[in-house]
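Asks: Give me the fold of what follows.
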Amino acid sequence: MALKLVNLGFHPFTLTPPCSSSKPRQCSFVFRCSQVEQISIAESEYSLIEAILGTQGRGRSSSPNQLNAIERAIQVLERLGGVPDPTNSNLIEGRWQLAFTTRPGTASPIQRTFVGVDFFSVFQEISLRTNDPRVGNIVSFSDAIGELKVEAAASIEDGKRILFRFDRAAFSFKFLPFKVPYPVPFKLLGDEAKGWLDTTYLSHSGNLRISKGNKGTTFVLQKQTEPRQRLLTAISSGKGVKEAIDELISLKKNTGEEPELEEGEWQMIWNSQSVTDSWLENAANGLMGKQIIGKNGQIKFLVDILLGLKFSMTGNFIKIGSKMYEVTMDDAAIIGGAFGLPLNMENKFVLELLFSDKKVRISRGYNEVLFVHIRSDSLR
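Replies: Model (predicted):
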């Protein structure tokens, strides 16, 4: 495997260090290009997945910092290069899940309607090595409802480009024994039904693909999503959350690593308890809003109320055992600009940290409630 380092300004080389022996002999360290390429590509693929993790609407609600991180990771992988001539590789075949796109709400009717909604899963199927080569875009509403599939006749133009022309589409509902045609007259659309798709990166594992369409859209797709992604997808769809949590916790246990309560801002995105009628009680129990972990055992709950008002409750935590923290919250106020209205509130509970890395945290807190937080300060 040749290492494509020219574009990065590097060249393969051999290092010859001085020899400790007085007798002349050859001493050299060989820079093995294939090993460095594999490490670099693996790290770059991980960086892209990390950058995508936590984005909402497959890019629709991404912050400028998130978009910049994703774009940088994409550019690095495109420079490194993956499978050469990806359209001629069997690895491009199959069902791909859309993880991110640069234009989730502007490119096509399907993208405008469905792609930016996390509740739906979006896939692309590629089948080129048949008598009827095709590309299909699929919106899966849920296992109970069904899906919409828009198909196109496809052909290979070169090692990177697939040409396609949309020619049929239909809804497949679980509760109906027949398909419902999607109301788009493809034959009357002319060139609007045509397009092309360039694959600019295809991983050697066959699990990650970067493609760009004729309308200027960049897509990041995966054949298999990793456990944290599956958890966030489950939370978005409202189905299978606890199963996804169990999977993630189990995998972390197998590593033998002990999670730590890391500093930073963490946004609560799911909890196992339905909120009560009292927003003040919900905020005090951490059932909503943001959790900020500071230095020297400081912790704060912060909840946006309305019209610039915030609920703030601060306290301290101490570690009392493996994964266990005693939390005392005793300083609450409603904040409006530079002014604050103190509240007489106190809350004490034990927090059990079940899983934590730099992006996702799972914990068990007040009243045995499970919480899922995502890191928000590093994602802005």
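
Asks: now the closest residue in space to residue 367 that isn't next to it in sequence, what's its secondary structure?
Replies: Nearest non-adjacent residue to residue 367, counting by Cβ to Cβ, 6 or more residues apart in numbering: residue 273, 6.9 Å away. For the C-beta atoms, the positions are set from N, CA and C on the backbone; glycine is no exception. Secondary structure assignment for residue 273 (DSSP: H, G, I helix; E, B strand; the rest coil): coil.

Asks: Pull the contacting residues for residue 273.
Replies: 287, 367, 369 (Cβ atoms under 8 Å, 6 or more residues apart in numbering).

Asks: what sits against the second one?
Replies: The reference is to residue 367. Counting by Cβ under 8 Å, 6+ apart, residue 367 has contacts 273, 285, 349.

Asks: now do residue 146
Replies: 140, 171, 172, 173, 174, 175.

Asks: What's opposite it in the beta bridge?
Replies: As for beta bridges, residue 146 partners with residue 142, residue 173 under DSSP bridges.

Asks: Return the distance of it relative to residue 176.
Replies: From residue 146 over to residue 176 the distance is 8 Å, taken as Cβ to Cβ, to the nearest Å.

Asks: try residue 246
Replies: To residue 176, residue 246 is 34 Å away according to Cβ to Cβ.

Asks: try residue 229
Replies: Distance of residue 229 to residue 176, computed by Cβ to Cβ: 31 Å.

Asks: So for these two, which residue has more residues nearby?
Replies: For the pair residue 229 and residue 176, the greater number of neighbours falls to residue 229 (19 against 10), based on other Cβ atoms under 10 Å.

Asks: From what I see, the more buried one and residue 121 are in contact.
Replies: No - the pair residue 229 / residue 121 is not scored as a contact, 11.4 Å apart, by Cβ atoms under 8 Å.

Asks: Find the nearest non-adjacent residue to residue 288, please.
Replies: residue 282 (5.1 Å).

Asks: Domain parsing of this protein, as residue ranges.
Replies: The chain is divided into the following domains under automatic domain parsing: 84-224, 228-379.

Asks: related to what we said a few turns ago, now for the residue nearest to residue 288: which residues touch it?
Replies: For residue 282, the contact set (Cβ under 8 Å, 6+ apart) comprises 275, 276, 288.

Asks: Just the buried residues from the residues you listed, in ChimeraX please.
Replies: Only the buried members of the contacts of residue 282 end up in this ChimeraX selection, burial being decided by 16 or more other Cβ atoms under 10 Å:
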select :288
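
Asks: Which member of the contacts of residue 282 is positioned nearest residue 47?
Replies: Minimum distance to residue 47 across the contacts of residue 282 is 31.7 Å, recorded for residue 288 (Cβ to Cβ).

Asks: Now the closest one, what are its backbone angles?
Replies: With angles defined as degrees, to the nearest 10, residue 288 sits at phi -160, psi 160.

Asks: Can you give me every residue that contacts it?
Replies: Taking Cβ under 8 Å, 6+ apart as the test, what residue 288 contacts is 268, 275, 279, 282, 303.

Asks: again with residue 76
Replies: Residues in contact with residue 76 (Cβ under 8 Å, 6+ apart) are 44, 47.

Asks: Doesn't it lie inside a helix?
Replies: Yes - membership of residue 76 in a helix is supported by three-state DSSP.

Asks: roughly how far apart are it and residue 68?
Replies: In terms of Cβ to Cβ, residue 76 sits 13 Å off from residue 68.

Asks: what does residue 122 give?
Replies: Taking Cβ to Cβ, one finds residue 122 at 24 Å from residue 68.

Asks: between the two, who's got more neighbours?
Replies: Of the pair residue 122 and residue 68, residue 122 is the one with more neighbours under other Cβ under 10 Å, namely 26 against 12.

Asks: what about the more buried one, helix or strand, and which?
Replies: strand 121-127 (DSSP states H and E).

Asks: Mind picking the two most distant members of the contacts of residue 146?
Replies: Largest separation among the contacts of residue 146 by Cβ to Cβ: 140 and 175, giving 15.2 Å.

Asks: Of the two, give the one with the bigger neighbour count.
Replies: Ranked by neighbour count (other Cβ under 10 Å), residue 140 and residue 175 place residue 140 first, with 18 against 7.

Asks: quick one: buried residues of the host helix or strand of the more buried one?
Replies: Using DSSP H and E, residue 140 sits in strand 134-142. Within strand 134-142, the residues that count as buried by 16+ other Cβ under 10 Å are 134, 135, 136, 137, 138, 139, 140, 141.
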